[in-house]
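Q: the following comprises the amino acid sequence and a computationally predicted model.
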Amino acid sequence: MNLYLLAPEISLCALAVVVILLDLFVGRKWIVGAVSIAGLVVPAVFSVLLWGSNQTAFGGALVIDQFAVFFKLLFVAIAALVLLSSTDYARRFDAFRGEYYALLLLATTGMMLLASTRELISIYVALELTGISLYVLAGFLKDSKSSEAGLKYLLLGAVASAVLLYGIALVFGLTGTTDLGEIATAISAGGIMRSPALLMGIVLLVAGFGFKIAAVPFQMWVPDVYEGAPTPVTAYLSVASKAAGFAVILRVFYEALGPASVDWSTVFAVLAAITMTVGNVVAIAQHNIKRMLGYSSIAQAGYLMVGLAAVTSTGSSAVVFFLGCYALTNLGAFIAIIAISDKIDSDEIADYSGMIRRAPMLALALALCLISLTGIPPTAGFMAKIYIFSAGVNSGLLWLVIIAVINSVISAVYYLRVVKVIFLGKPVSEERVSSPRSLQTALSLACLGVLLLGVYPWLLLRVAETAASVLPTLVP
């Protein structure tokens with residue numbers, strides 16, 4: 001048993017314990033936050049040292065390859081940016097600041113495990129570790145909206161977990177194994193390819209994982225949870241949870257259900273079209289910026305599913321590349337919102353009117369990220385959409401790409417509406433909106449990444465292609 005392969009997760013759990021102990025015995029709360037952020041260097045270093053490995057442990061349940069390491073580093077980077085942007089906001093729950101940091105670290109641990117597991121029960125356990133931490137974080141403010149968000153997320157998450165577990169049971173019953181590689185072998189050799197039970201199992205797995213990525217019709221929790229949860233938690237949910245969901249979908253469907261790709265690729269193509277359309281159309285009617293970005297997140301899941309439906313190596317690498325670009329872009333938008341909304345005490349788009357005069361740098365950063373989400377050059381979002389749409393066209397999904405392009409145009413209506421309010425609206429107040437240095441650092445890093453990947457996409461693209469190359473090639 002090589003525990004070194006679990007070094008990133010073990011160090012992250014140890015960091016969570018240290019943070020809780022520090023919160024108990026150290027009076028200065030800023031030290032707890034500083035240790036949480038600085039401590040992320042350790043799992044990041046362990047992850048980098050594992051790059052290039054191709055090893056398994058625990059009877060094959062744990063695998064360390066480029067795919068797993070890429071997502072470990074992505075989750076650590078997301079956690080670092082969210083923690084940096086939380087240092088001032090966390091005063092709202094000052095008595096529980098240590099628990100807040102620890103839960104974020106434990107949720108990150110679960111997500112890192114999700115990207116490394118090749119066994120269905122291990123995947124389920126990692127999902128629950130992630131989910132339980134996020135349920136608590138969603139209700140952390142303990143006001144009516146936050147409590148409602150936590151409860152809704154918990155109840156719908158429990159239903160999704162039950163559906164997923166039933167799908168796992170069906171697949172296990174048909175194949176006699178929960179190992180992803182052995183499942184693929186059993187499906188290919190056992191004559192169960194067209195079994196109704198297998199198709200039902202696939203549908204249930206899609207439903208269970210669909211909740212995690214906020215795909216229609218499993219997206220009901222998103223707007224209320226995004227609005228009610230603490231804004232840093234909403235930022236974390238919008239990128240980390242989605243990235244974890246797509247990481248485990250790629251692993252399960254490519255490695256275990258690859259022989260049945262003709263069936264599930266069609267399901268993902270239809271879901272992609274519906275998801276992006278519903279997300280974008282409903283987002284137009286939103287007046288709360290967190291709810292608007294909630295529906296935007298649903299639409300982005302639709303774009304990502306174009307890569308899943310492509311069922312090619314280019315499609316899988318496009319999904320990985322898109323997730324990296326989306327993480328920087330959406331985090332940048334939410335970090336700017338954390339800074340602005342915390343000072344004006346409102347998430348209403350109308351209250352952002354004339355923000356360019358009150359907080360020029362924050363307004364410019366938010367506008368840049370919204371432009372990137374729209375898919376306008378020269379931003380990371382533009383390059384991500386170009387790559388994933390190209391994968392769809394090359395796979396014969398021209399109809400789906402046309403729908404996606406139309407939806408990108410529709411999304412400009414609500415993204416650019418916010419930009420218009422920020423730049424051309426009359427300020428509701430002349431009071432300047434300031435932000436702490438840590439938040440400015442996180443926002444600068446996110447915006448720099450958005451611009452850098454927009455001009456030099458190969459910086460991430462090559463890494464994404466290397467990470468996705470370990471997945472089985474389903475279509476020559």
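A: Yep, it's here. Residues are numbered from 1 along each chain as shown.
Q: V203: what's it in contact with?
A: By CB atoms under 8 Å, 6 or more residues apart in numbering, the contact set of V203 is G167, V267. Quick note: C-beta positions are derived from backbone N, CA and C, even for glycine.
Q: that one should be in a helix, yeah?
A: Yes - V203: assigned to a helix according to DSSP: H, G, I helix; E, B strand; the rest coil.
Q: which residue ranges of the stretch 351-476 of the chain form strands?
A: With DSSP state E, counting those that start in this stretch, there are no strands along the stretch 351-476 of the chain.
Q: what about the residue lying closest to T178 once chain neighbours are set aside, how many residues close to it?
A: What sits nearest to T178 in space, not counting adjacent residues and going by CB to CB, 6 or more residues apart in numbering, is L120, at 4.1 Å. Other residues near L120 come to 24 when the count uses other CB atoms under 10 Å.
Q: pretty sure T177 sits in a strand.
A: No - counting by three-state DSSP, T177 is located in no strand; its state is coil.
Q: name the nearest residue to it, ignoring sequence neighbours.
A: I183 (5.9 Å).
Q: tell me the confidence at the one you found?
A: If you check I183, the pLDDT there is 86.
Q: just A299 next, same as before
A: Note for A299: predicted pLDDT of 93.
Q: same question, A34
A: Note on A34: pLDDT of 84.
Q: kindly report the same for the one 5 residues further on.
A: At G39 the predicted local confidence, pLDDT, stands at 90.
Q: report the distance from stretch 448-466 to the chain centre.
A: 18 Å (CA atoms, centre = their mean, to the nearest Å).
Q: what does it contact?
A: Residues from elsewhere that reach stretch 448-466 (CB under 8 Å, 6+ apart): 66, 70, 317-318, 320-321, 324-325, 328-329, 332, 368-369, 372, 377-383, 387.
Q: what of stretch 35-54?
A: By CB under 8 Å, 6+ apart, the surrounding residues in contact with stretch 35-54 are 5, 7-9, 11-12, 15, 18-19, 22, 64-66, 69, 72-73, 76-77, 79-80, 83-84, 101, 104-105, 112, 470.
Q: again, but for stretch 155-170
A: By CB under 8 Å, 6+ apart, the residues outside stretch 155-170 that reach it are 120-121, 124, 127-128, 131, 134-135, 178, 197-198, 200-205, 207-212, 218, 220-221.
Q: which of the contacts of stretch 448-466 count as buried?
A: Buried residues within the contacts of stretch 448-466, counting neighbours by 16 or more other CB atoms under 10 Å: 66, 70, 317-318, 320-321, 324-325, 328-329, 332, 368-369, 372, 379-383, 387.
Q: keep only those of the contacts of stretch 155-170 that are in helices.
A: If you go by DSSP state H, those have 120-121, 124, 127-128, 131, 134-135, 197-198, 200-205, 207-212 in helices.
Q: can you say which of those residues are buried?
A: The neighbour-count criterion (16+ other CB under 10 Å) marks 120, 124, 127, 131, 134-135, 198, 201-205, 207-212 among the ones in helices among the contacts of stretch 155-170 as buried.
Q: list the buried residues of stretch 115-123.
A: Buried-residue list, stretch 115-123, by 16+ other CB under 10 Å: A115, S116, T117, R118, E119, L120, S122, I123.
Q: only alpha carbons, please: show stretch 211-229 as CSV.
A: Output in CSV follows, covering the C-alpha atoms of stretch 211-229 (Å, rounded to 0.1, in the frame of the first residue of the first chain):
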residue,chain,number,x,y,z
PHE,A,211,-27.2,17.1,-10.1
LYS,A,212,-23.5,17.8,-9.4
ILE,A,213,-23.0,19.6,-12.7
ALA,A,214,-26.4,21.4,-12.6
ALA,A,215,-27.7,20.0,-15.8
VAL,A,216,-31.4,20.3,-16.7
PRO,A,217,-33.7,18.8,-15.4
PHE,A,218,-31.5,18.4,-12.2
GLN,A,219,-30.7,22.1,-11.8
MET,A,220,-33.6,23.0,-9.5
TRP,A,221,-31.3,23.7,-6.5
VAL,A,222,-29.0,26.1,-8.3
PRO,A,223,-30.7,29.6,-8.2
ASP,A,224,-31.9,29.4,-4.6
VAL,A,225,-28.6,27.9,-3.3
TYR,A,226,-26.5,30.4,-5.3
GLU,A,227,-28.5,33.3,-4.0
GLY,A,228,-28.8,32.2,-0.3
ALA,A,229,-25.3,30.8,0.3
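Q: can you list phi and psi of N288 for me?
A: Dihedral pair for N288: phi -100, psi 130, per degrees, to the nearest 10.
Q: touching, it and Y226? I think so.
A: No - with contact defined as CB atoms under 8 Å, N288 does not reach Y226; the gap is 9.0 Å.
Q: with neighbour numbers in mind, choose between those two.
A: Of the pair N288 and Y226, Y226 is the one with more neighbours under other CB under 10 Å, namely 30 against 16.
Q: OK, contacts around the residue nearest to K426 when sequence neighbours are not counted?
A: Closest residue to K426 apart from its sequence neighbours, by CB to CB, 6+ apart: G354 at 5.4 Å. G354 is in contact with I422, G425, K426, P427, V428, counting by CB under 8 Å, 6+ apart.
Q: having no further points to raise, I will conclude here.
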